[in-house]
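Trainee: Sequence first, then the predicted structure, then my questions.
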Amino acid sequence: MGNIEKIIQAIDIQLIQKNKPYMLLAEANRLLTFTRLIADNKALKKIVESGLIPHAYQTQKSPKQWKIPLSEKGKAEKEKLDRQNKQRAKENQHTIQTQISDQPTLCCPFCGYTGIIPEQFRSEPCLICPKYQARNGFGGMNNENQIFYLDENENLIGYMNY
C-alpha cells in the first residue's frame, strides 16, 4: 500500500469513528503528523493541491478551505458498519423485549399502570402500585380506606379495611 493510500485510509478511519462528513486540511494535518504519515504541515497541502487525493476539494467561498470527505472505499466501509450496527441494534431491542416480556408484571385495577414486579417483591401477598400510591399519597393501593390484594394473575382476591 502506497503512502497516499495510507493517508486516505487514516482519514477515512477518523471520519468514520467521529461520524463526520469531511475533515478540514488542518485537522488532517494534525492526524497525519501525529501518525507520522507525513513529515510536516506543508506536505499534505502539496498532496491535495496536486490532486493525489482525488476526492479532496477546496471551497469556493471565502475563506477558502480544503475539505477531505470519505473516499469511495470509506463510504462503502461506513455503509457496511451502519448496516451491522442497525442489525445489532435490532437484535438488542429484540433481546430486551424478550427479557421484559419474560418478567412477571402487574396491572393496577385503579390507574391502569402496568409494571414489572421487582424480584424482592415477587413473593409478597400484597403489592402496592407505585403510581396509584403516589397519586393518592397513601401507603398502599387504597380506595375508600381499603387495601386490595391481587393474585399472580392480577385478579383481585381480597381487600382489607384499615
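Mentor: That came through fine.

Trainee: Need phi/psi at M23.
Mentor: phi -130, psi 140 (degrees, to the nearest 10).

Trainee: ok, the closest residue to it other than its chain neighbours - how many residues close by?
Mentor: Excluding its sequence neighbours, the residue lying closest to M23 (Cβ to Cβ, 6 or more residues apart in numbering) is I68, at 4.9 Å. The C-beta positions use only the backbone N, C-alpha and C, and glycine is treated the same way. Residues lying near I68 (other Cβ atoms under 10 Å) number 23.

Trainee: show me the residues around I68 that make contact.
Mentor: 11, 22-25, 28, 48, 53, 55-56 (Cβ atoms under 8 Å, 6 or more residues apart in numbering).

Trainee: ok, and the most crowded of these?
Mentor: That'd be A28 among the contacts of I68, by other Cβ under 10 Å, with 28 neighbours.

Trainee: Let me know the helix or strand that that one is in.
Mentor: helix 25-34 (DSSP states H and E).
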